[in-house]
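# Structure for the following, please:
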Amino acid sequence: MATRIYYRLSDDANNEHSLWTGAITVPLMPGKAEARRAVAKHLRCEKLPARTLVVTDFEWKLGKWTADEVRAATTPMADAPTVKRKKKAFSDVGMTFDQAEDLLKKFGLK
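Got it, this is the predicted structure:
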């Protein structure tokens, strides 16, 4: 089964007008790293430029990415979008320095 891989370069001149810089078709369902390597080979470069987004048609059809997320992930100020980042919950965020000091004082360690 063939898989379509879409890619978007952050420095493409047509980013204002089109969602994807290009697309390629590969014969099998690739993993994320294999898809990035296939796009790099298609572009004839060893390594993809920073902030290059690579999405398979499977991910696109599942709704893992929206058009707004694709555009936001490839802006010059965005982090490199190799993996879609999970939003942090309040419990995932560590203590602040003040909270740590209060805890040390509470147990008489400071």
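# any weak-confidence spans in the chain?
Along the chain, the parts satisfying pLDDT under 70 run over 76-92.
# Show me the strands in it, by range?
3-8, 22-26, 53-56 (DSSP state E).
# any chance of these in TSV, plus mean neighbour count and distance to Leu43?
For the C-beta atoms, the positions are set from N, CA and C on the backbone; glycine is no exception. Converted to TSV, these look like this (neighbours: other C-beta atoms under 10 Å; distance: least, C-beta to C-beta, whole Å):
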stretch	mean neighbour count	distance to Leu43
strand 3-8	20	8
strand 22-26	14	8
strand 53-56	22	11
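# Please render the ones you listed as JSON lines that adds distance to Val39 to the earlier fields.
Shown next, in JSON lines, are the strands of the chain (distance: least, C-beta to C-beta, whole Å):
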{"stretch": "strand 3-8", "distance to Val39": "5"}
{"stretch": "strand 22-26", "distance to Val39": "7"}
{"stretch": "strand 53-56", "distance to Val39": "5"}
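# Dump stretch 41-53 to PDB, restricted to CA.
Backbone C-alpha positions of stretch 41-53 (Å, rounded to 0.1, in the frame of the first residue of the first chain) are rendered in PDB as follows:
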ATOM      1  CA  LYS A  41      16.500  12.100  -0.200                       C
ATOM      2  CA  HIS A  42      13.800  13.600  -2.400                       C
ATOM      3  CA  LEU A  43      15.200  17.100  -1.700                       C
ATOM      4  CA  ARG A  44      18.800  15.800  -2.400                       C
ATOM      5  CA  CYS A  45      20.100  16.800   1.000                       C
ATOM      6  CA  GLU A  46      21.700  14.900   3.900                       C
ATOM      7  CA  LYS A  47      19.600  16.500   6.600                       C
ATOM      8  CA  LEU A  48      16.300  18.400   6.500                       C
ATOM      9  CA  PRO A  49      16.400  22.100   7.300                       C
ATOM     10  CA  ALA A  50      15.300  23.300  10.700                       C
ATOM     11  CA  ARG A  51      11.500  23.600  11.300                       C
ATOM     12  CA  THR A  52      10.700  21.200   8.400                       C
ATOM     13  CA  LEU A  53       7.400  19.400   9.100                       C
END
